[in-house]
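Chemist: using only what follows, build the 3D model:
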Amino acid sequence: MLKELQEEKVFKDPVHNSIYVQDLTIWKLINTPEFQRLRRIRQLGTSYLTFHGAEHSRFSHSLGVYEITRKIISQFERNRYADWPQEEKLLSLCASLLHDVGHGPFSHSLEEIFHIDHEQWTCEVILGDTGINQILRQVDPQFPEKVASVIRKKYEKPIVVSLVSSQLDADRMDYLLRDAYFTGVNYGTFDIDRILRMLRPYKGKIVVKESGMHAVEDYLMSRYQMYWQVYFHPVTRSSEIILRQIFRRASELHGEGYEFGFMLPPIRELLEGSITLHQYLKLDEAMLQTVFGQWSDERDELLSDLCRRFLNRQLYKYAELESEDKNWLESIRHEWQEIGLNPDYHMEFDTPMDSPYAIYKPGALPDSKEKPPILLLNEHEQLTEISVKSDIIRSIAGLHRGKYYIYYPEERVLPHVEKLSLETRKKLSI
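Modeler: Numbers count the residues shown, from 1 in each chain. Here you go, the predicted model:
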């Protein structure tokens, strides 16, 4: 049940101009320690080492997703669309606000090395012994479970889930605009106002009025450009590689019984795979960077070197390869050993195709994890999947593209260049 604030709260925002909070529950959630923690976690992980303006947080993004959801619901209410379940407004707003509350520092890199699922942690925060859980329970004892079921994409009303998680959702719309703004690029811009005006609730789904198709085309092309120009930028991939190597080396050392000169309980539990919700919520990027600063003086030369590289932006150089030549990759490992380098750490083959990505997928199988397609609603109230009508989307639907790169510490290799094979020198352009 909605309980309005006596006075509306307004956050100034560079993307949406203003973010309006009118409900007491939302205001209380924003002020919990668990949500405030998101101020200390960057939205774009290590991308700030590539795009210096990318210092924005998961906090501002989460507020933005909430605001887009609020605008969509307000539009539905103004137009009195019968297919919108008005009793689900607070649930939709809470799920939008809290959808990223389980993200850890440098989120996706951390998830990959420690097999962490941020959605699972989000549900732990919502359902566990937290301030967020206490506030949600004030609405209804079952309300936390409802919010968690939206995050899990299992809520009984798919229309609520699709606001937060679909191929045209509030999450994607905010992060494209916000990431484009803070990285200083123009690729992620699209006409969000037009899209929001064209959205309709229809028979348990959120669809797009057919006249809004071109705005959706623009949105999907913006998404495509942002992935290849920002999210998969090779310099950012280099910083992610070094970050993953720090965690991998620390895990190896911990498993071997190595005595660290500096260690904090949340990091120890993380390395042991036994981290509790209480300790997980202490993790933020300030803590990790403090740890890296201390580890830069560790006795283990490999760990200390990796930490210094990350903190001082002394990233690995990359060379673009035409293909994945497994024979050559095996031979270069031997060459690395001969010049005194560790091929497990001083060389990494990488392609963005390691991260499954498609610009748009026209269909989803029942019970699959695929998000449902974007549907157009015509004047005769008939639904059509968007790629049937759009030549642009049909041409790029399911499209995968990837480049091959090899990363290595150039300054450690150049003194031994004469010992490398001609093929290696040619491929590395040295």
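Chemist: for stretch 103-117, buried residues please.
Modeler: Neighbour counts over stretch 103-117 (16 or more other C-beta atoms under 10 Å) mark His103, Gly104, Pro105, Phe106, Ser107, His108, Ser109, Leu110, Ile113, Ile116 as buried. No exception for glycine: its C-beta is placed from N, CA and C like everyone else's.
Chemist: ok, stretch 18-26 next?
Modeler: Ile19, Tyr20, Val21, Gln22, Asp23, Leu24, Thr25, Ile26.
Chemist: where do the strands sit along the chain?
Modeler: Taking DSSP state E as the criterion, the chain carries its strands at 4-13, 17-23, 199-202, 205-209, 317-321, 348-350, 375-377, 383-385, 404-408.
Chemist: can you list those in CSV and add distance to Pro33 and mean pLDDT?
Modeler: Conversion of the strands of the chain to CSV gives the following (distance: least, C-beta to C-beta, whole Å; pLDDT from 0 to 100):
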stretch, distance to Pro33, mean pLDDT
strand 4-13, 18, 94
strand 17-23, 18, 97
strand 199-202, 34, 96
strand 205-209, 33, 96
strand 317-321, 40, 95
strand 348-350, 37, 92
strand 375-377, 40, 96
strand 383-385, 44, 95
strand 404-408, 38, 95
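Chemist: now that we have the ones you listed, can you turn them into JSON lines and tack on distance to Leu414?
Modeler: Putting the strands of the chain into JSON lines (distance: least, C-beta to C-beta, whole Å) gives the following:
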{"stretch": "strand 4-13", "distance to Leu414": "47"}
{"stretch": "strand 17-23", "distance to Leu414": "50"}
{"stretch": "strand 199-202", "distance to Leu414": "55"}
{"stretch": "strand 205-209", "distance to Leu414": "54"}
{"stretch": "strand 317-321", "distance to Leu414": "10"}
{"stretch": "strand 348-350", "distance to Leu414": "18"}
{"stretch": "strand 375-377", "distance to Leu414": "56"}
{"stretch": "strand 383-385", "distance to Leu414": "54"}
{"stretch": "strand 404-408", "distance to Leu414": "10"}
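Chemist: wait, which of those is closest to Leu270?
Modeler: In terms of C-beta to C-beta, the element of the strands of the chain nearest to Leu270 is strand 348-350, at 22.1 Å.
Chemist: packing partners of the closest one?
Modeler: helix 234-255, strand 404-408 (3 or more C-beta pairs under 8 Å, 6 or more residues apart in numbering; DSSP states H and E).
Chemist: residues in contact with the first one: which ones?
Modeler: Yep, that's helix 234-255 we're talking about. Contacts of helix 234-255 with the rest of the structure, by C-beta atoms under 8 Å, 6 or more residues apart in numbering, involve 45-47, 49-50, 106, 108-110, 112-114, 230, 260, 267-268, 271-272, 292, 295, 300, 302-303, 306-307, 309-310, 313, 315-318, 320, 345, 348, 350, 352, 403, 405, 407.
Chemist: could you pick out the buried ones from those?
Modeler: By 16+ other C-beta under 10 Å, the contacts of helix 234-255 give 45-47, 49-50, 106, 108-110, 113, 230, 260, 267, 271, 292, 295, 300, 302-303, 306-307, 309-310, 315-318, 345, 348, 350, 352, 405, 407 as buried.
Chemist: just the residues you listed: which are in helices?
Modeler: Under the assignment DSSP state H, the buried ones among the contacts of helix 234-255 contribute 108-110, 113, 267, 271, 292, 295, 302-303, 306-307, 309-310 to helices.
Chemist: would you check which pair of the residues you listed lies furthest apart?
Modeler: Greatest spacing in those, by C-beta to C-beta: His108 and Leu302 (23.3 Å).
Chemist: by mean pLDDT, point me to the weakest helix or strand of this structure.
Modeler: Lowest by mean pLDDT, DSSP states H and E among the helices and strands of the chain is helix 107-114, with a mean of 81.
Chemist: just how off-centre is that one within its chain?
Modeler: Relative to its chain's centre, helix 107-114 lies at 11 Å (C-alpha atoms, centre = their mean, to the nearest Å).
Chemist: could you list the low-pLDDT ranges of the chain?
Modeler: 1, 352-358, 363-370, 398-401 (pLDDT under 70).
Chemist: what is the neighbour count of Asp218?
Modeler: For Asp218, the neighbour count with other C-beta atoms under 10 Å is 16.
Chemist: how much space separates it from Ser47?
Modeler: Plainly put, Asp218 is 23 Å away from Ser47 if you go by C-beta to C-beta, to the nearest Å.
Chemist: circling back to that earlier point, could you export the buried residues of stretch 18-26 as CSV, including distance to Lys426?
Modeler: Conversion of the buried residues of stretch 18-26 to CSV gives the following (distance: C-beta to C-beta, whole Å):
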residue, distance to Lys426
Ile19, 53
Tyr20, 59
Val21, 59
Gln22, 63
Asp23, 63
Leu24, 66
Thr25, 62
Ile26, 59
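Chemist: tell me the one of these nearest Gln75?
Modeler: Tyr20 (13.9 Å).
Chemist: doesn't Glu67 make contact with that closest one?
Modeler: Yes: counting by C-beta atoms under 8 Å, Glu67 is a contact partner of Tyr20 at 7.2 Å.
Chemist: could I get the full set of helices for the stretch 101-250 of the chain?
Modeler: Using DSSP state H, counting those that start in this stretch, the helices of the stretch 101-250 of the chain run over 107-114, 118-127, 131-139, 143-151, 158-164, 170-183, 192-198, 213-226, 234-255.
Chemist: list the buried residues for the fourth one?
Modeler: Which is helix 143-151. Buried, per 16+ other C-beta under 10 Å, within helix 143-151: Phe143, Pro144, Lys146, Val147, Ala148, Ser149, Val150, Ile151.
Chemist: which residues touch Arg223?
Modeler: Going by C-beta under 8 Å, 6+ apart, Arg223 touches Arg172, Leu176, Gly188, Ile359.
Chemist: need these in a markdown table with neighbour count and distance to Asp129, can you?
Modeler: Formatted as a markdown table, the contacts of Arg223 follow (neighbours: other C-beta atoms under 10 Å; distance: C-beta to C-beta, whole Å):
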| residue | neighbour count | distance to Asp129 |
| --- | --- | --- |
| Arg172 | 20 | 32 |
| Leu176 | 23 | 35 |
| Gly188 | 22 | 38 |
| Ile359 | 19 | 41 |
